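In: Here is my input; please provide its structure:
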Amino acid sequence: MSAILSVQNIEKYYGNKGNVTKAVDQISFDVSEGEYVGIMGASGSGKTTLLNCISTIDTVTSGHIYIGGSDITALNSKSLSRFRREQLGFIFQDFNLLDTLTAFENIALALTIIKTPSSEIIERVKNVASKLEIGGVLNKYPYQMSGGQKQRVACARAIITNPSLILADEPTGNLDSKSARMLLESFETLNRDLRATILMVTHDAFTASYCHRILFIKDGKIFNELMRGSDTRKQFFNKIIEVVTLLGGDNSNVL
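Out: Numbering: from 1, shown residues only. Model prediction:
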């Protein structure tokens, strides 16, 4: 499989000469097309900074990040905005839906921006809504939806432009257990049926157990890597717990 994402020796520093913090320390890894990869680590480990650099929200101090063959660390702000719009899909913990738009309009907005014909927009929105089982809420506004429905609308919005990479930041953080399970099953559907490539940051072992591979971050470095392989989700969950124990510290900060 070809690498959709290639992170090469990136570093990220904050502060000045008198007080420098190294948030990301020589991290390198690849994500192949169709993979579902999780990133775990305690608070302050660097996992969110890493995701922010990959998502172009933040910039690296050194190193390179390639997405779909493009070196995003070399793009100017105008090119980055276009790249972000066309190649990346985002799913946030707090949904980030526009309150004045219906679910249909929230999902369709990205297609409207890139001037997709209206007939094609309708077909594509209905298709992705069917995949995520949200056809019944397309005419509702965010305040009329449950947290789980809002997050699945956010998933639909992320996938609607067929991005190279979907980036999810603690996507189950604001959901109850039932809604979280439904969302994670939706992620499985996107990955399996639409071959969506997903990179997800999470502190939760249950959420991480749905991934195919997990990178554990400690002190800005990759501490360990787990492959699910032929394990059941329960078996993978138990292995995740074992690695979290090796990471040390208070497990509640990681799980």
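In: make it CA atoms for all contacts and neighbour counts henceforth
Out: OK.
In: Flag the shaky bits of the stretch 101-250 of the chain, pLDDT-wise.
Out: Confidence mapping of the stretch 101-250 of the chain against pLDDT under 70 gives the ranges 248-250.
In: Can you show me the strands along the stretch 1-150 of the chain?
Out: Ranges of strands in the stretch 1-150 of the chain, per DSSP state E, counting those that start in this stretch, are 3-16, 19-32, 36-40, 62-67, 70-71, 88-91.
In: out of these, deepest packed?
Out: Of those, the one with the most neighbours on average (mean count of other C-alpha atoms under 10 Å) is strand 36-40, at a mean of 25.
In: Tell me how far that strand lies from the chain's centre.
Out: The chain centroid and the centroid of strand 36-40 are separated by 8 Å under C-alpha atoms, centre = their mean, to the nearest Å.
In: outside of it, which residues touch it?
Out: 31, 47, 191, 197-204, 208, 211-217, 254 (C-alpha atoms under 8 Å, 6 or more residues apart in numbering).
In: go on, stretch 204-216?
Out: Counting by C-alpha under 8 Å, 6+ apart, 35-41, 172, 184, 188, 202, 222-229, 233-234, 236-237, 240-241, 254-255 sit against stretch 204-216.
In: And it, end to end?
Out: 12 Å (C-alpha to C-alpha, to the nearest Å).
In: same deal with stretch 127-145?
Out: Stretch 127-145: ends 20 Å apart by C-alpha to C-alpha.
In: List the buried residues of it.
Out: Val128, Ala129, Lys131, Leu132, Ile134, Gly135, Val137, Leu138, Tyr141, Pro142 (16 or more other C-alpha atoms under 10 Å).
In: likewise stretch 96-114?
Out: Counting neighbours by 16+ other C-alpha under 10 Å, stretch 96-114 gives Leu97, Thr102, Ala103, Phe104, Glu105, Asn106, Ile107, Ala108, Leu109, Ala110, Leu111 as buried.
In: Among these, which lie within helices?
Out: Mapping the buried residues of stretch 96-114 onto helices (DSSP state H) picks out Ala103, Phe104, Glu105, Asn106, Ile107, Ala108, Leu109, Ala110, Leu111.
In: on that earlier part again, okay, the buried residues of stretch 127-145 in JSON lines with distance to Gly68 next?
Out: Output for the buried residues of stretch 127-145, formatted as JSON lines (distance: C-alpha to C-alpha, whole Å):
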{"residue": "Val128", "distance to Gly68": "23"}
{"residue": "Ala129", "distance to Gly68": "26"}
{"residue": "Lys131", "distance to Gly68": "25"}
{"residue": "Leu132", "distance to Gly68": "26"}
{"residue": "Ile134", "distance to Gly68": "30"}
{"residue": "Gly135", "distance to Gly68": "31"}
{"residue": "Val137", "distance to Gly68": "33"}
{"residue": "Leu138", "distance to Gly68": "31"}
{"residue": "Tyr141", "distance to Gly68": "34"}
{"residue": "Pro142", "distance to Gly68": "33"}
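In: Does anything pack onto the top helix by length along the chain? Which helices or strands?
Out: Determined from DSSP H, the single longest helix within the chain is helix 177-193. Contacts defined by 3 or more C-alpha pairs under 8 Å, 6 or more residues apart in numbering; DSSP states H and E place helix 177-193 against helix 118-131, helix 147-159.
In: Looking at the ones you listed, which one is packed in the most?
Out: helix 147-159 (a mean of 25).
In: what's the helix or strand following that helix in contact with?
Out: Remark: after helix 147-159, the chain's next helix or strand is strand 165-169, criterion DSSP states H and E. By C-alpha under 8 Å, 6+ apart, the residues outside strand 165-169 that reach it are 4-5, 48, 51, 55, 67, 87-93, 158-159, 196-202.
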